[in-house]
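**Student:** Predicted structure and sequence below. I'll ask about it afterward.
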Amino acid sequence: MSKAFMGVRLRRLREERSLTQAALAQTLGISTSYLSQLEQNQRPLTVPVLLRLNASFGVDVQIFSDDDEARLVTDLREALSDGAQPETVSVAEMRELAASMPAVARTLVSLHRRHRDAVERNEAMAARLGDEWIGDAPARMPFEQVRDFFYARHNHIAALDDAAERLYADAGLAPRTVHAGLSAWLATRHDVRLVFDDGDQAQRRFDPVSRTLHLSPDLKQGQQAFQMATQLALLELDELIDRLTDDPSLRGEEARTLARIGLANYFAGALILPYGDFLRVAEEARYDIERLSRHFGVGFETICHRLSTLQRPDARGVPFFFIRVDRAGNISKRQSATDFHFSRVGGSCPLWNVYAAFARPGQVLTQLARMPDGRTYLWIARTVGRGNGGFGIPGKTFAIGLGCDVRHAGRLVYAKGLDLSDPDAATPIGAGCKVCERPACAQRAFPPIGHALAIDQNRSMLTPYPVT
């Protein structure tokens, strides 16, 4: 932060508040000439000035965050490397644009997404030719809108965390007593009766007429408590969830309904693992997931998902990225409290340890992984399984990945034995073959977008799709 040049953002902030340079300089306790130098990127924005901005205007420091800039650079790389541009834009130029003119950069990203939406709509229309066709298919899938809804908030919903902590205290809950406590709260406050229905295929089904909550007996106690907490969110926080989902990024009732479920699930995790208590124990345990699982009586996946939400401004945990994949490489969950994310174009990287976890079920694997931009991450991966409900009924197996920037790795027990300072210790991975810039990767599945292939029928290379 001591070398952050954020002149355009500072000038925009001043203009949005209709302040002159002299007025803002007086508020911040600096000279007008010094403020002018800051706005012209002749001097870096220092931590003391940033703290005064926060104190005077309640400015969210994230708008001056390097992490936000890295997110924007990643999105720009995706937008400007799809092969449609007449000129190649260098990563250095993208970084300059993201740092100096973030609003322009976000507009370019938005225009590209609108273009991609139109292309996807045309493809969907073409796929329907010859069938009964409905012309107004949605431009983007509802689940993508919901994913971006959480991503834009760094996977942290403060209002739900606060509500969960209040209810945790009011209901007298404690680790490993949540199941009984929630059962009693639902009965006394909402006249809801629990039924463990072996014949119901649903994990949770609520009948509002009979006030009956049906839960699957195949679920473990922690999972049953999570389902009870989810239903409680829909009973007690209906108005708050409605306000949160009244967002222009959620287009259509299907997207808003999916977002409601996602927010109810967020509240459930926040209620079972209340923010303050959970963060304290996590720090004491050096983020040992299995220790946290035993302490709170919930599963590995639930702990990992909660760890990815600890971004309260005055009490931040390690900013994690959370992902869940199946054996086929399908990503069914993806949440980020940090700037790391895989591209929406194509799949993810086969060199990533989240896929190796399937070969060693139940074991925690660690990996230092370096992205093409030079950033290195510590990744933890492990499989989780869900048993079947009887003979002949297939179960589920997923791999969970939890990662953070290497600068936070020292706070984690999983850094033991790893040389965090050795750049050669990291596995080079990418954001998906179609946008990955690593030309010598033997695992490449698709040619990179925006590059001409070096095709030579008289030469065979170990690396698929060599580029010029």
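**Tutor:** Thanks, I have it.
**Student:** could you pull out the strands for the stretch 201-350 of the chain?
**Tutor:** Applying DSSP state E, counting those that start in this stretch to the stretch 201-350 of the chain gives strands spanning 204-207, 212-215, 311-312, 315-316, 321-325, 331-336.
**Student:** So what are the sheet partners of the second one and their directions?
**Tutor:** In other words, strand 212-215. According to DSSP bridges, strand 212-215 forms sheet pairs with strand 193-196 (parallel), strand 204-207 (antiparallel).
**Student:** for the stretch 51-200 of the chain, what spans make up the helices?
**Tutor:** Using DSSP state H, counting those that start in this stretch, the helices found in the stretch 51-200 of the chain span residues 66-79, 91-100, 102-127, 142-152, 158-170, 178-190.
**Student:** and the last one with helix 158-170, angle?
**Tutor:** Same thing as helix 178-190. 90 degrees (axes from the mean of the first three to the mean of the last three C-alpha atoms, to 10 degrees).
**Student:** From residue 211, how far out is the closest residue to residue 210 other than its chain neighbours?
**Tutor:** Computed as C-beta to C-beta, 6 or more residues apart in numbering, the closest residue to residue 210 that is not its neighbour in sequence is residue 193, at 7.8 Å. (Glycine included, C-beta is placed from N, CA and C.) Shown here: residue 193 relative to residue 211, a distance of 6 Å by C-beta to C-beta, to the nearest Å.
**Student:** do the same with residue 7
**Tutor:** Taken as C-beta to C-beta, the spacing of residue 7 relative to residue 211 amounts to 59 Å.
**Student:** Neighbour count for those two, which is higher?
**Tutor:** Comparing residue 7 with residue 211 by other C-beta atoms under 10 Å, the one with more neighbours is residue 7, at 20 against 13.
**Student:** picking that back up, name the stretch from the helices of the stretch 51-200 of the chain where average model confidence is lowest.
**Tutor:** Note on the helices of the stretch 51-200 of the chain: helix 102-127 shows the lowest mean pLDDT, a mean of 72.
**Student:** So which of the helices of the stretch 51-200 of the chain is the most surrounded?
**Tutor:** Mean neighbour count (mean count of other C-beta atoms under 10 Å) peaks for helix 66-79 among the helices of the stretch 51-200 of the chain, with a mean of 20.
**Student:** Hmm, residue 148 is touching residue 249, no?
**Tutor:** Yes: judged on C-beta atoms under 8 Å, residue 148 makes contact with residue 249 at a distance of 6.4 Å.
**Student:** So, low pLDDT: which residues of the stretch 251-400 of the chain?
**Tutor:** Residue ranges of the stretch 251-400 of the chain with pLDDT under 70: 339-347, 387-393.
**Student:** Now do the helices in it.
**Tutor:** 253-272, 275-284, 289-296, 300-307, 353-356.
**Student:** For those, give me JSON lines that also has mean neighbour count.
**Tutor:** Conversion of the helices of the stretch 251-400 of the chain to JSON lines gives the following (neighbours: other C-beta atoms under 10 Å):
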{"stretch": "helix 253-272", "mean neighbour count": "21"}
{"stretch": "helix 275-284", "mean neighbour count": "17"}
{"stretch": "helix 289-296", "mean neighbour count": "19"}
{"stretch": "helix 300-307", "mean neighbour count": "23"}
{"stretch": "helix 353-356", "mean neighbour count": "20"}
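**Student:** Kindly present these as CSV, with separate columns for distance to residue 456.
**Tutor:** Below are the helices of the stretch 251-400 of the chain laid out as CSV (distance: least, C-beta to C-beta, whole Å):
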stretch, distance to residue 456
helix 253-272, 47
helix 275-284, 54
helix 289-296, 49
helix 300-307, 46
helix 353-356, 31
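**Student:** for the ones you listed, which one sits closest to residue 465?
**Tutor:** For residue 465, the closest of the helices of the stretch 251-400 of the chain is helix 353-356, at 20.4 Å, according to C-beta to C-beta.
**Student:** the domain parsing of this structure - what is it?
**Tutor:** Using automatic domain parsing, the domain parsing of the chain gives 7-64, 158-272, 321-428.
**Student:** now these in TSV, with distance to residue 447?
**Tutor:** Shown next, in TSV, are the domains of the chain (distance: least, C-beta to C-beta, whole Å):
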stretch	distance to residue 447
domain 7-64	36
domain 158-272	32
domain 321-428	11
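**Student:** Quick one: closest of those domains to residue 311.
**Tutor:** Residue 311 sits nearest to domain 321-428 of all the domains of the chain, at 4.9 Å, using C-beta to C-beta.
**Student:** End to end on the closest one, go ahead and measure it.
**Tutor:** Length of domain 321-428, first residue to last, C-alpha to C-alpha, to the nearest Å: 18 Å.
**Student:** Residue 293 contacts residue 299, correct?
**Tutor:** Yes: between residue 293 and residue 299 there is a contact at 6.3 Å, judged by C-beta under 8 Å.
**Student:** So for residue 329, which of the helices of the stretch 251-400 of the chain sits nearest?
**Tutor:** helix 353-356 (7.0 Å).
**Student:** which residues touch that closest one?
**Tutor:** Applying C-beta atoms under 8 Å, 6 or more residues apart in numbering, the external contacts of helix 353-356 come out as 323, 325, 329, 365-367, 369, 379, 381, 399-401, 427.
**Student:** rerun that using 7 Å as the cut-off
**Tutor:** 323, 325, 329, 365, 367, 379, 381, 399, 401 (C-beta atoms under 7 Å, 6 or more residues apart in numbering).
**Student:** Look up the residues forming beta bridges with the second one.
**Tutor:** Which is residue 325. Going by DSSP bridges, residue 325 forms beta bridges with residue 331, residue 399.
**Student:** Identify the residues contacting it.
**Tutor:** Contacts for residue 325 were tallied using C-beta under 7 Å, 6+ apart; they are 331, 354, 398, 399.
**Student:** out of the residues you listed, which are buried?
**Tutor:** With burial judged by 16 or more other C-beta atoms under 10 Å, the buried subset of the contacts of residue 325 is 354, 398, 399.
**Student:** List just the nearest of those to residue 159.
**Tutor:** Using C-beta to C-beta, the buried ones among the contacts of residue 325 come closest to residue 159 at residue 398, 29.3 Å.
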